[in-house]
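Visitor: Predicted model, plus sequence, below.
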Amino acid sequence: MKLVLTLFSASVLSIMIMDISSGLLRGAGIIAGVPPGLVGKWLESAIKGKIFLNDIRTSAGEPVSLRKFLLYHYVIGTILTLVLYTTLIVLKVAPVPWWVPFSFGIATTLIPALLMFPGMGFGVLGLKGPSEYLLLRTAVLNHLAFGLGLTVAFQWIIKIKG
């Protein structure tokens, strides 16, 4: 039970660092991103088996509430944290060098760049998306912050012993 709470706490911390960084960067006008309701709308479409849409903005269905989006966001972040933890355990990486969770966090940029953006109809890397969304820049900087959060979590909360 202690491990579950530790992993959950680490996940929440990592995602909160991502979200706080995102808020600051949005406020400064450096990033923008797809509106949360549309991300949630796409996730619900993908869960129902329709991953690739022509344009999430005009596709069937309604944007989800911020509350529902945040639930999806934190579940995905928790799953990614568990994937990293499990990989480190299986590969017997201990102690965990700071750059491993940081690199993993940045690598998760591939999820929106190669799956979510094309699925929303915005093309690979978001190159066909609305320019005001600043898609690739937003994804890279958000996931860099997630990597920073994972680094903090795996240095201070999750201790894998060799």
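Guide: Thanks, I have it.

Visitor: I'd like to know how far the residue most central in space within the chain sits from Ala107.
Guide: Residue closest to the average C-alpha location in the chain (Cα atoms, centre = their mean): Gly77, at 5.7 Å. Distance of Gly77 to Ala107, given as Cβ to Cβ, to the nearest Å: 14 Å. Quick note: C-beta positions are derived from backbone N, CA and C, even for glycine.

Visitor: The residue nearest to the centre of the chain - nearest residue in space that isn't next to it in sequence?
Guide: Closest residue in space to Gly77, ignoring its immediate chain neighbours: Ile15 at 3.9 Å, by Cβ to Cβ, 6 or more residues apart in numbering.

Visitor: Need the pLDDT of Lys161.
Guide: Looking at Lys161, its pLDDT stands at 80.

Visitor: same deal with Val64?
Guide: 98.

Visitor: hang on, the earlier thing: now do the host helix or strand of the residue nearest to Gly77: which elements does it pack against?
Guide: Using DSSP states H and E, Ile15 maps to helix 2-27. Here helix 2-27 touches helix 66-90, helix 135-156, going by 3 or more Cβ pairs under 8 Å, 6 or more residues apart in numbering; DSSP states H and E.

Visitor: Any chance of CSV for those helices, columns distance to Ser59?
Guide: Below are the helices and strands packed on helix 2-27 laid out as CSV (distance: least, Cβ to Cβ, whole Å):
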stretch, distance to Ser59
helix 66-90, 16
helix 135-156, 17
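
Visitor: Highest mean neighbour count out of those helices?
Guide: helix 135-156 (a mean of 21; mean count of other Cβ atoms under 10 Å).

Visitor: elements contacting that helix?
Guide: Looks like helix 135-156 contacts helix 2-27, helix 66-90, helix 99-107 (3+ Cβ pairs under 8 Å, 6+ apart).
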